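Engineer: Here is a sequence together with a model predicted from it:
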Amino acid sequence: MTLLFYITISLFWGWITALFAQKKGLNPRNWYIAGILFCALAFIAVLFQRKKNLKIPNPVHKPELIPIDPPQRENLWYYLDEKGQQFGPISFQALTIAWKNKKIQGESYVWNEDLENWKKFKEVLKITTPKI
């Protein structure tokens, strides 16, 4: 009965130690074994471990803004914000930055000298995401 009790307690401490180790970004399997062998001592050791910084890599392929008519890339652009205030003239690169900063949405109106009237952003420009 004493041996069964010790095994149960060891498995419990192994499980608790592995759980806390996983939350801190440590290898839970190794800490599970340490928890079984050293019980509360391994658990205390995990508590004093620093949390590893789990870095999520930035996506390699970011969306790009492309004019439907490629020569329009060289034009100066104007756009209207949600309040109807006009901005411009700006380069295509500045227009792209405004889009990335969410100053321009798909329903925003844009214009350049090749367009007869103001058109919705999504009608004149397309967003592409390079395939991986």
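Structural biologist: Cool, got the structure.
Engineer: After the helix or strand bottoming out on mean pLDDT in the chain, which helix or strand is next? Please name it.
Structural biologist: Ranking every helix and strand in the chain by mean pLDDT, DSSP states H and E puts helix 40-47 at the bottom, with a mean of 66. Downstream of helix 40-47, the first helix or strand assigned by DSSP states H and E is strand 64-67.
Engineer: Who are the packing partners of the helix or strand following that following strand?
Structural biologist: Later in the chain than strand 64-67, the nearest helix or strand by DSSP H and E is strand 77-80. Judged by 3 or more CB pairs under 8 Å, 6 or more residues apart in numbering; DSSP states H and E, the packing partners of strand 77-80 are strand 86-90, helix 92-100, strand 109-111. Yep, even glycine has a C-beta here, placed from its N, CA and C like the rest.
Engineer: Quick one: mean pLDDT for strand 77-80?
Structural biologist: Across strand 77-80, the average pLDDT comes to 92.
Engineer: Can you give me the domain assignment for the chain?
Structural biologist: What automatic domain parsing lists as the domains of the chain is 2-47, 64-128.
Engineer: export the ones you listed to a markdown table and tack on mean neighbour count?
Structural biologist: Below are these laid out as a markdown table (neighbours: other CB atoms under 10 Å):
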| stretch | mean neighbour count |
| --- | --- |
| domain 2-47 | 16 |
| domain 64-128 | 15 |
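Engineer: By mean pLDDT, show me the worst of those.
Structural biologist: Least confidently modelled of the domains of the chain is domain 2-47, at a mean of 78 by mean pLDDT.
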